[in-house]
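Engineer: What would the 3D arrangement of this be:
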Amino acid sequence: MDLLSSLNDSQRAAVTHTEGPTLIVAGAGSGKTRVLTYRIAYLLQQGVPAGSILALTFTNKAAREMKERIIRLVGNTEARYLMMGTFHSVCTRLLRRDAERLGYTRDFTIYDTPDSKSLLKAICKENGLDDKVYKPANVLSRISMAKNNLISPAQYGANRELQRQDREARMYELTTIYEQYQLRLKAANAMDFDDLLLNMLRLIDQHADIREQLQHLFRYVLVDEYQDTNYVQYLLVSRLAEPQQNICVVGDDAQSIYSFRGADIRNILNFRQQYADARIFKLERNYRSTQNIVNAANSLIHKNIHQIEKQVYSEKEEGAPLHLQAYMDDRAEAEGVAQIIAKIKSARTHALDDMTVLYRTNAQSRAFEGELRKRNIPYRIYGGTSFYQRKEIKDALGYFRIAVNPRDNEALLRIVSFPGRGIGETTMKKVAANAIEHHRAYLTIMRAPEETGLEVSAATQKKIRAFAQQMDDLASLSETMDAYTFAEHTLRTTGVTTALALDTTPEGIDRAQNVQELLNAIREFVAMRQEEGIDFTPITDFLSEVSLQTDQDENLEDTTERVTLMTVHAAKGLEFPVVFIVGLEENLFPSQFCVSAKEIEEERRLLYVAITRAMEQCYLSYARQRFRNGQMAFNSPSRFLNDIDRRYFDFQRSSAPTQPRFTNYSRPANFGTPVSRDTEKPTSPVTHHPSPITNETLTGPIPSVWAEGTRVSHRVFGLGTVSRVYRDEVTENDKIEIAFDTVGTKTLLLSHAKLEKA
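Structural biologist: Numbers count the residues shown, from 1 in each chain. Just a heads-up that it's a prediction; the model follows:
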């Protein structure tokens, strides 16, 4: 079979150049996996033994799919001997042959993340350390970071910057924990995931015979998604490719978005500096998206300074321009997106499976889930859990449930150990058995443990009485406080908010944002009830609303065709005919945690990844206002919207911009280590901006009987003055902004406000 006949010129050149260091820069949708697969098949056809080829990927799925494709191309006889897999799986296979050289046996155990957390929890307990401060997830994250940067426990303890960071986190004993963790792993003849890579590097660095043997064995080394490699992976690949240097790396610097996992974009940017005679092949034809989508993405990513210059192009139809829409607030944004999805579904131009909603943070899914449920539009959360099914949300709701229903034993069991308060599983088993024996609720037993003869120590009795008293106090407050005030008070006084804030890992920040979004949802729920004329909304009403939503979630599980909701990070590698990218606001996208030029460039790459998921239609949106910390906050549009050439947008409305461009966000010239761009320049202009994107660009004031300055009266908020009235063409709802005399500025749906002239 002629392998090369189905490849374009660029792909064919990349496949057939097999000798020496090679960098294949694969633009979005350019057939990266196809080229890597065909390159391996071509090597086999040229007589290279399968056992001489090492192919490294980042997921088992990618390795499996590539091997299956190779077998279809050249047959199973040769392909089955390929050394192909993830970094971790390949290192495991190689380590088992020579583990004795490092002091392990060949049957060493591999600790997964739960195993590692369990061991760290035990170490902290043995050292009498506060598990609220030394959370296993946080500790493991710090140790993993150290290992990925080749920092031993001794070096960790001597590093002033790392020690400063630990002091700020109140983790003064982390060096000791790291030392004991490594000793315990070794004593158990075990390695964690990071050790698999680290020990492989130690093996080839410390034992020249093994290094030479592997270098002679693997004459050809290929690496997929090279932009995602960390420092240890970079060193491993470099060592194994010596001295023949038949190394081929495939990736796209424009899609490097995993620095929080340790990925270092410099590995791919500096490849040509590492290998002076490296050949560079650019796969620039995008087979996925229309011309407008590709050109818009190009105009965005070309604003990054540090990149390998390329001009991705599409030969598909020009296609629809990108749709950009501003919404009054985050609720209106969710309504608008859900309505567009409903219209597309009704028109039958695309199925629900063809559509995805992409957001920057998991917490944003809540509003979209609610609006899709209202319209009975099935959805799935890709790579995550439905908002109200997330553990931290169920924990928070558990406190509310026990406050309004002290007999809710399941809720009590969920919350009693979070945050930790010294009431363990053994104690609760005794409480449960005692409660069953005396036909009482668990909380009743805990109020007066001596009355039913609960066999626990005096110290434990004191703890469970204190817990029961706190729950009783909350029960009283639930009847007098509105839902939001009660929820905020409960999470703060029980220590939930503090416990979440102490976890500074990406996962911990995500959990804290989710709980804050829950408070936003409750605040929004209370505000909606006020608009309807209901002055007092207890937490029980919100719990009833949530119960109905979670029931609907279960009903949706049986539907096969669904809209996909996910973060942009989870979307990498996927494609959809219709893509909605939401929440394009400053401090959200880019994230408020990204402040340096280097971090902003990665955020820009993240938006590039989002846009290039779209095949036919791409909708971008932002909200002028969004609930933050229980208050409606004003938002500026994302600076990245000004990076996209406006010729590729289809604006819903057009009016003269009234705000300046984001000139205060210019990039410093001294960002990072200078990496010169490729000398090639784009063949078409991509930086022209006729005028900036502002809050007034898309939706302007509309004529109204409620003219600016009109004094009005609202049945709940009292007297106020009209500030402005806006039309939202997507949701087809007009909104009115009123500065009330006593409660501040509110934005209401004009059709539901029921105003009277004062």
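Engineer: I'd guessed Lys463 sits against Gly424; true?
Structural biologist: No: contact criterion CB atoms under 8 Å: Lys463 and Gly424 do not qualify, at 9.8 Å. (Glycine included, C-beta is placed from N, CA and C.)
Engineer: Send me stretch 473-489 as CSV with only the CA atoms.
Structural biologist: Only the C-alpha atoms of stretch 473-489 are listed here, as CSV (Å, rounded to 0.1, in the frame of the first residue of the first chain):
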residue,chain,number,x,y,z
ASP,A,473,-28.1,27.3,66.7
LEU,A,474,-28.1,27.2,62.9
ALA,A,475,-31.6,25.7,62.9
SER,A,476,-32.9,28.7,64.9
LEU,A,477,-31.2,31.1,62.5
SER,A,478,-32.6,29.4,59.4
GLU,A,479,-36.1,30.6,60.4
THR,A,480,-35.1,34.3,60.8
MET,A,481,-32.4,34.8,58.1
ASP,A,482,-33.1,34.9,54.4
ALA,A,483,-31.5,32.1,52.3
TYR,A,484,-28.4,33.9,51.2
THR,A,485,-27.6,35.5,54.6
PHE,A,486,-28.1,32.2,56.3
ALA,A,487,-26.0,30.2,53.8
GLU,A,488,-23.1,32.7,54.0
HIS,A,489,-23.2,32.7,57.8
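Engineer: For that stretch, what does the pLDDT average out to?
Structural biologist: Across stretch 473-489, pLDDT averages out at 91.
Engineer: next one: stretch 50-68
Structural biologist: Stretch 50-68 carries an average pLDDT of 89.
Engineer: All further residue positions should be reported with the first residue as 35.
Structural biologist: Done: numbering now begins at 35, and the last item shifts to stretch 84-102.
Engineer: mind checking the end-to-end distance for that stretch?
Structural biologist: 14 Å (CA to CA, to the nearest Å).
Engineer: got the buried residues for that stretch?
Structural biologist: Using 16 or more other CB atoms under 10 Å as the test for burial, stretch 84-102 gives 84, 86-92, 96-97, 100-101.
Engineer: likewise stretch 363-376?
Structural biologist: Those would be 363-375, for stretch 363-376 by 16+ other CB under 10 Å.
Engineer: just checking, what packs against the longest strand seen in the chain?
Structural biologist: Across the chain, the longest stretch assigned as strand under DSSP state E is strand 648-662. Under the contact definition 3 or more CB pairs under 8 Å, 6 or more residues apart in numbering; DSSP states H and E, strand 648-662 sits against helix 325-335, strand 356-363, helix 364-381, helix 540-565, strand 610-615, strand 665-668.
Engineer: Would you pull up how far stretch 243-254 lies from the middle of the chain?
Structural biologist: How far stretch 243-254 lies from its chain's middle: 38 Å, per CA atoms, centre = their mean, to the nearest Å.
Engineer: Can you show me the CA trace of it as CSV?
Structural biologist: Output of stretch 243-254 as CSV, limited to C-alpha atoms (Å, rounded to 0.1, in the frame of the first residue of the first chain):
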residue,chain,number,x,y,z
ASP,A,243,25.7,0.6,30.9
ILE,A,244,21.9,0.8,31.1
ARG,A,245,21.9,4.2,29.4
GLU,A,246,24.0,3.0,26.5
GLN,A,247,21.9,-0.2,26.2
LEU,A,248,18.7,1.9,25.9
GLN,A,249,20.2,4.4,23.5
HIS,A,250,21.4,1.6,21.2
LEU,A,251,17.9,-0.1,21.5
PHE,A,252,15.8,2.9,20.7
ARG,A,253,17.3,4.3,17.5
TYR,A,254,14.2,6.4,16.8
